[in-house]
Structure formats: C-alpha cells, structure tokens
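Trainee: Provided below are the primary sequence and the corresponding predicted coordinates.
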Amino acid sequence: MTTPPVPILLDCDPGHDDAIAIVMAHRSPAIRILGITTTCGNATLARTTQNARRILELIGATDIPVAAGMERPLARDLVLGTADGPSGLDGTPWLPEATMPLDPRHAVDFIADTLRDAPEPVTLVPTGPLSNIAMFLLKYPELKPRIARIVLMGGAMFRRSEYITATEFNIFCDPEAAAIVLDSGLDITMVGLDVTMQVLIEEPEFARLARIDTPLARIVHDWLRHYEKLHRGQMGVGGAMHDPLALAAVIDPGLIGTRDAHVAIDLTASHAFGATVADYWGERGLPANVHVASTVDSAGFFDLMFDLLARD
Ligand code: BDR
Ligand code: CA
C-alpha cells in the first residue's frame with residue numbers, strides 16, 4: 001500500500017537553496033504542495049515572489065498558487081541576504097521574469113484559507129524568516145489544530161553561524177517572529193546549521209549532478225555552481241544544502257536524527273541577538289518545544305536529491 005502524499009505549505013524566500021527545495025518538493029511523490037508563500041529574506045519580497053513564480057513556470061507547476069507575505073520583519077529593520085545576489089537568484093539571468101498570476105490574498109490569509117479547506121492537517125515548511133508564520137499564528141490562533149507540524153530551516157545550536165556570530169540568517173532576520181513560532185506549542189522540527197553545514201555540495205556531487213543531464217538538472221547544476229562559488233568565497237566551504245535538507249526531512253524523516261530541547265531566542269540587544277539557545281537538559285525547567293536536528297545522513301540526502309532530479 002502506498003502512503004498518501006503529505007500536504008505541505010512552503011513558506012520561502014527564494015534564494016537558490018529555496019529554489020531547489022521547491023524543485024524537490026514538486027518532484028517528490030511523497031509530497032503535495034498546496035501553495036507557496038513568500039517573505040523577504042534572501043532578497044526583497046518583490047524579488048522572492050518573482051523568483052517563486054519564475055521557478056514554478058520553469059518546472060511547469062503554475063497550478064501551485066503563490067501568495068506574497070511580509071515585506072519586512074515584525075519588529076526590526078529589514079535585513080536582506082547577500083549569498084544569492086540582489087535578485088535572490090543571481091547567475092540565472094536567462095530565467096525569464098514570471099507572468100503567472102499572483103494569488104491576490106496576503107500570505108497570512110492564504111495560509112488560513114488553505115488550512116481551513118484542507119481535508120487533513122497540513123505540514124508547514126518555512127525556509128525563510130518566520131514573519132509570515134508568526135503573523136499567521138497571531139491572526140488565526142484558532143487554526144493551529146489544522147497544522148500537522150512545522151519543519152523549518154533555521155537555527156544554530158552547537159555550531160556557530162558564519163553569517164553573524166551565534167546566529168543563523170533566517171532567525172536573525174526576524175527573531176521576534178521566531179520566538180512567537182517556537183512558543184506556539186506546535187510540533188516543531190528545526191533543521192539548522194548543525195546539520196545543514198554537514199551537507200555540502202562539492203566536486204563529487206557536482207559530477208553526479210552533471211551525469212543526470214536533463215534540462216532541469218542542468219539548471220539546478222548552474223544554480224548550485226553559482227551558489228557554491230558565493231559560499232566558498234564567504235565561508236570557505238562548498239554550498240550548504242540548507243533549505244533542501246529541511247524539505248528532504250519531510251520526505252524522509254530518517255535523514256535526520258533529532259534531540260528534544262527547549263529552544264529560546266535571544267531577544268536582548270546583545271551581540272547574540274537572534275541566537276537560538278537550546279536547553280537539552282531541562283536546566284531552565286521549561287518543557288522541550290523543538291525537535292532539534294542534530295545528526296544527518298548527508299549521503300542519503302544527495303541520493304534522494306539526485307533520484308528526484310533523475311525521475312521522469
Ligand atoms: C538560510 O538562509 C538563507 O540564506 C538560505 O536560503 C537558508 O534558508 C541559511 O542560513
Ligand atoms: Ca531560504
């Protein structure tokens with residue numbers, strides 16, 4: 001008996017690695033994408049929303065609705081990423097601007113309507129700053145039971161970020177939103193830098209990707225080449241598969257091992273502003289609120305990604 005696909009909502013800021021998460025989700029029979037919502041992060045909201053639609057047009061998935069969300073974080077100034085270039089998808093100038101329509105609803109209302117209409121609880125997969133999800137939880141708390149769980153890319157526990165010491169980009173962009181999400185009482189899995197920085201695309205993986213040799217695989221190859229070059233320049237290592245790993249963990253939860261912890265966000269005006277501080281031993285006397293991804297099967301991830309790209 002085949003398992004029915006997991007219904008998901010992808011909330012993202014594409015972004016090369018968000019783009020690959022979208023491609024993988026669309027190609028996986030284990031997943032059904034009910035919609036994509038966008039937020040500022042890797043680039044402005046206008047760019048990330050364009051990019052989400054450009055990607056859907058590229059993969060022929062224009063039946064998936066896209067709704068634009070928060071233009072800025074809840075309570076702090078806008079922070080934009082640099083790792084993907086100003087367009088959020090630099091290095092792919094040949095990818096035309098999108099013409100598919102944008103859903104007229106704000107992302108927050110789109111999420112609410114989608115959850116209400118779905119026959120079963122939906123998994124949220126945020127791969128950008130958590131502004132939309134926090135706003136949704138504030139506006140529609142009654143819909144929380146419609147969320148099966150949240151599997152998000154964000155956070156850095158033992159590992160420190162190269163971005164700004166102690167923080168991971170998605171959380172740093174909107175720490176107040178992250179705090180609201182983590183305090184929601186929902187079932188949350190955080191796929192953060194502790195694991196994503198162990199899943200790096202390097203030459204052997206590029207060689208495997210090149211062998212797939214389909215039009216889509218060639219585009220993914222180009223995205224990743226560009227992304228990897230930027231990463232190597234900034235961090236001295238290959239391209240970390242941040243967002244694709246979070247998505248992959250929904251397809252195959254066995255790819256990561258988790259530890260439960262109470263995770264708090266540093267919201268003090270310190271140099272650790274936006275840091276995710278995990279209490280694995282219950283020292284704070286607070287119940288665990290997160291399954292923290294702590295181990296990862298990197299080879300298994302790449303097998304999955306290449307299998308999905310090689311599918312007809
Ligand atoms: C996260 O930040 C963004 O640059 C990536 O898209 C990913 O979601 C990694 O810290
Ligand atoms: Ca992202």
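Mentor: Great, that's in hand. Numbering: from 1, shown residues only. Ligands and ions are numbered 1, 2, ... in the order given.

Trainee: count of residues packed around residue 113?
Mentor: Close neighbours of residue 113, defined as other CB atoms under 10 Å, add up to 15. (Glycine included, C-beta is placed from N, CA and C.)

Trainee: Work out for me the element the nearest residue to it once chain neighbours are set aside sits within.
Mentor: Spatial nearest neighbour of residue 113, chain neighbours left out: residue 105 (6.9 Å); criterion: CB to CB, 6 or more residues apart in numbering. Using DSSP states H and E, residue 105 sits in no helix or strand.

Trainee: which phi and psi does residue 105 have?
Mentor: phi -80, psi 150 (degrees, to the nearest 10).

Trainee: who in this structure is up against ligand 1?
Mentor: Proximity of the chain to ligand 1 is confined to 15, 17-18, 42, 81, 83, 127-128, 153, 168-170, 242-243 under the rule CB under 6 Å from any ligand atom.

Trainee: ok, which of these also contact ligand 2?
Mentor: Residues of those in contact with ligand 2 (CB under 5 Å from the ion): 15, 18, 127-128, 243.

Trainee: if I look at residue 129, how far off is residue 221?
Mentor: Relative to residue 221, residue 129 is positioned 28 Å away (CB to CB, to the nearest Å).

Trainee: near ligand 2, which residues of the protein?
Mentor: So far as CB under 5 Å from the ion goes, the chain lies against ligand 2 at 13, 15, 18, 127-128, 243.

Trainee: Quick one: which of the residues you listed has the lowest pLDDT value?
Mentor: On pLDDT alone, residue 15 ranks lowest of these, at 90.

Trainee: I'd like the ones next to ligand 2 among the residues of the chain next to ligand 1 laid out as CSV, including secondary structure and neighbour count.
Mentor: Converted to CSV, these look like this (DSSP: H, G, I helix; E, B strand; the rest coil; neighbours: other CB atoms under 10 Å):
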residue, secondary structure, neighbour count
15, coil, 30
18, helix, 32
127, coil, 29
128, coil, 32
243, helix, 32
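
Trainee: mind saving the C-alpha coords of the helix or strand where residue 245 lies as CSV?
Mentor: Under the criterion of DSSP H and E, residue 245 resides in helix 242-251. Output in CSV follows, covering the C-alpha atoms of helix 242-251 (Å, rounded to 0.1, in the frame of the first residue of the first chain):
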residue,chain,number,x,y,z
HIS,A,242,20.1,24.3,3.9
ASP,A,243,16.5,24.5,2.6
PRO,A,244,16.6,21.3,0.5
LEU,A,245,17.6,19.4,3.7
ALA,A,246,14.6,20.7,5.6
LEU,A,247,12.3,19.7,2.8
ALA,A,248,14.1,16.3,2.5
ALA,A,249,13.4,15.7,6.1
VAL,A,250,9.7,15.9,5.4
ILE,A,251,10.1,13.4,2.5
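
Trainee: Check which helices and strands whichever helix or strand comes after that helix is in contact with.
Mentor: Sequence-wise, the next helix or strand beyond helix 242-251 is strand 256-265, with elements assigned using DSSP H and E. Counting contacts by 3 or more CB pairs under 8 Å, 6 or more residues apart in numbering; DSSP states H and E, strand 256-265 packs against helix 175-182, strand 188-191, strand 276-279, strand 290-296.

Trainee: and those, which is most packed in?
Mentor: Greatest average neighbour count among the helices and strands packed on strand 256-265 goes to strand 188-191 (a mean of 26), per mean count of other CB atoms under 10 Å.

Trainee: what packs against it?
Mentor: strand 147-153, helix 242-251, strand 256-265, strand 290-296.

Trainee: That one pairs with which strands, parallel or anti?
Mentor: strand 147-153 (parallel), strand 290-296 (parallel) (DSSP bridges).

Trainee: for the ones you listed, which one sits closest to residue 50?
Mentor: Shortest distance between residue 50 and these, using CB to CB, is found for strand 147-153: 21.0 Å.

Trainee: picking up where we left off before, quick one, the helix holding residue 245 and strand 256-265 angle?
Mentor: For helix 242-251 against strand 256-265, the angle by axes from the mean of the first three to the mean of the last three CA atoms, to 10 degrees is 120 degrees.

Trainee: just to revisit the earlier point, which one of the ones next to ligand 2 among the residues of the chain next to ligand 1 is nearest residue 230?
Mentor: residue 15 (11.7 Å).

Trainee: Distance of that closest one relative to residue 55?
Mentor: 10 Å.

Trainee: ok, the closest residue to residue 282 other than its chain neighbours - how many residues close by?
Mentor: In space, and not counting its chain neighbours, residue 282 is closest to residue 262: 7.3 Å by CB to CB, 6+ apart. Look at residue 262: counted by other CB under 10 Å, it has 20 neighbours.

Trainee: For residue 262, give me its contacts.
Mentor: 278-279, 282, 284, 286-290 (CB atoms under 8 Å, 6 or more residues apart in numbering).
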